[in-house]
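> Pasted the sequence and its predicted model underneath.
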Amino acid sequence: MIKITFLGTSDAVPSEKRNHTAILLNYEGENILVDCGEGTQRQMRKAGMNPCKLTRVLITHWHGDHVLGLSGLLQTLALSGYNKTLFIYGPKGTKKFIETIFKTFAFKEKLKFEVKEVSGKFFETPDFVLEAGAMNHGIPCNAYSFILKEKIRINKKQLEKLKISPGPLLQKLKQGKDIISNGKRYSVKQLTYTEKKKKISFVFDTSYDKRISSFAKESDLLICESAFDSSLEEKAKEFKHLTSKQAAEIAKNSKSKKLILTHISQRYSKNPEEILSQAKKYFKNSVLAQDFDELIL
């Protein structure tokens, strides 16, 4: 089960209802934070989350609204006895920025961490893959994808029904091999099912580029910035951002299943539906994110 929590959904300036950008992805023992805008750790507390459970941080780029909460978060982890190694990933320049944080602020306690500047596939386990793709935002900037691999799952109810005891036999089933239990042969198809691949893509600050659709190809969930409505397309181009129409076109061209719009400008505080309605014209399965929204895949 993958759980997504929207901790912040505003653009460069937070509003009364929207905090700076941050999204938490939880999968089993992994808690992956995508960006860490100002106030993120307080948002985590409000959502009932313990920052010490974080395992990885993905930084899209080093504009303040995406990283101003990072120094405070790191200090909290150090003060709270964080006993793991925190892995921090980002575009070119990330190592230098992290070094600057530790030079700027006086950390009383030590914190174990590793920083990596990434592109392409940069992390893989037997269960999932993390990928990064370069975006066009005027400074080094990444989009990210979390890809849960296709997997053979054991049908536990069927095992109970057939009175097959768990143990070494389960490993054979996971390897795609038939088994013999209680003198009877059972095929893999009888006792397992295939959990299909799932892909979640995070595309934040960037100008429109056809390559984005390739990066987000066949995403089950595309979480995409939408700082402007289509009437401000020239301004979006000037500031290297996307309109809701462009986000919808990316979702359609990438054959994604669902689009969630985030990074919403405060100019739409009174009428956020304006952003959503434009996206829906081009991609029906579009949703507008709110702070503290949760989604389970």
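Received the coordinates, thanks. Worth saying up front: this structure is predicted, and the values here are computed from it rather than measured.
> rest of the way, CA atoms for contacts and neighbours
Fine.
> Please name every helix or strand in contact with the helix or strand hosting Q158.
For Q158, the element it lies in under DSSP states H and E is helix 156-161. With contacts taken as 3 or more Cα pairs under 8 Å, 6 or more residues apart in numbering; DSSP states H and E, helix 156-161 sits against helix 188-191.
> how about the strands in the stretch 101-250 of the chain?
113-117, 120-124, 128-134, 142-148, 151-154, 179-181, 184-186, 192-195, 198-203, 221-225 (DSSP state E, counting those that start in this stretch).
> Same list (those) but as CSV, adding mean pLDDT, mean neighbour count and distance to F107.
Formatted as CSV, the strands of the stretch 101-250 of the chain follow (pLDDT from 0 to 100; neighbours: other Cα atoms under 10 Å; distance: least, Cα to Cα, whole Å):
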stretch, mean pLDDT, mean neighbour count, distance to F107
strand 113-117, 97, 14, 14
strand 120-124, 98, 13, 29
strand 128-134, 98, 20, 30
strand 142-148, 98, 24, 28
strand 151-154, 81, 16, 43
strand 179-181, 81, 13, 56
strand 184-186, 83, 11, 59
strand 192-195, 82, 14, 44
strand 198-203, 98, 23, 31
strand 221-225, 98, 26, 33
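> So which of these is nearest K284?
Distance to K284, taken as Cα to Cα, is lowest for strand 221-225 among those, at 13.3 Å.
> follow-up on the earlier one: output the strands of the stretch 101-250 of the chain in JSON lines; the columns should cover distance to E233.
Output for the strands of the stretch 101-250 of the chain, formatted as JSON lines (distance: least, Cα to Cα, whole Å):
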{"stretch": "strand 113-117", "distance to E233": "31"}
{"stretch": "strand 120-124", "distance to E233": "29"}
{"stretch": "strand 128-134", "distance to E233": "22"}
{"stretch": "strand 142-148", "distance to E233": "21"}
{"stretch": "strand 151-154", "distance to E233": "42"}
{"stretch": "strand 179-181", "distance to E233": "60"}
{"stretch": "strand 184-186", "distance to E233": "60"}
{"stretch": "strand 192-195", "distance to E233": "40"}
{"stretch": "strand 198-203", "distance to E233": "18"}
{"stretch": "strand 221-225", "distance to E233": "14"}
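> May I ask which helix or strand encompasses E99?
helix 94-104.
> And the contacts of that helix?
By Cα atoms under 8 Å, 6 or more residues apart in numbering, the list of residues contacting helix 94-104 from outside reads W62, S71, V115, K116, E117.
> among those, which two are most distant?
S71 and E117 (18.1 Å).
> so the nearest residue to I296 once chain neighbours are set aside is in which element?
Excluding the flanking residues, the one nearest I296 by Cα to Cα, 6 or more residues apart in numbering is K3, at 4.5 Å. Using DSSP H and E, the element containing K3 is strand 2-8.
> list the helices and strands that strand packs on?
strand 22-27, helix 40-46, strand 294-296.
> Nearest approach to E16 belongs to which of those?
Checked against Cα to Cα, the stretch from the helices and strands packed on strand 2-8 lying closest is helix 40-46, at 13.2 Å.
> Mind checking what helix or strand follows that closest one in sequence?
Immediately after helix 40-46, counting by DSSP H and E, sits strand 56-58.
> Chain neighbours aside, what residue packs nearest to N83?
That would be K112: by Cα to Cα, 6+ apart, it lies 7.7 Å from N83.
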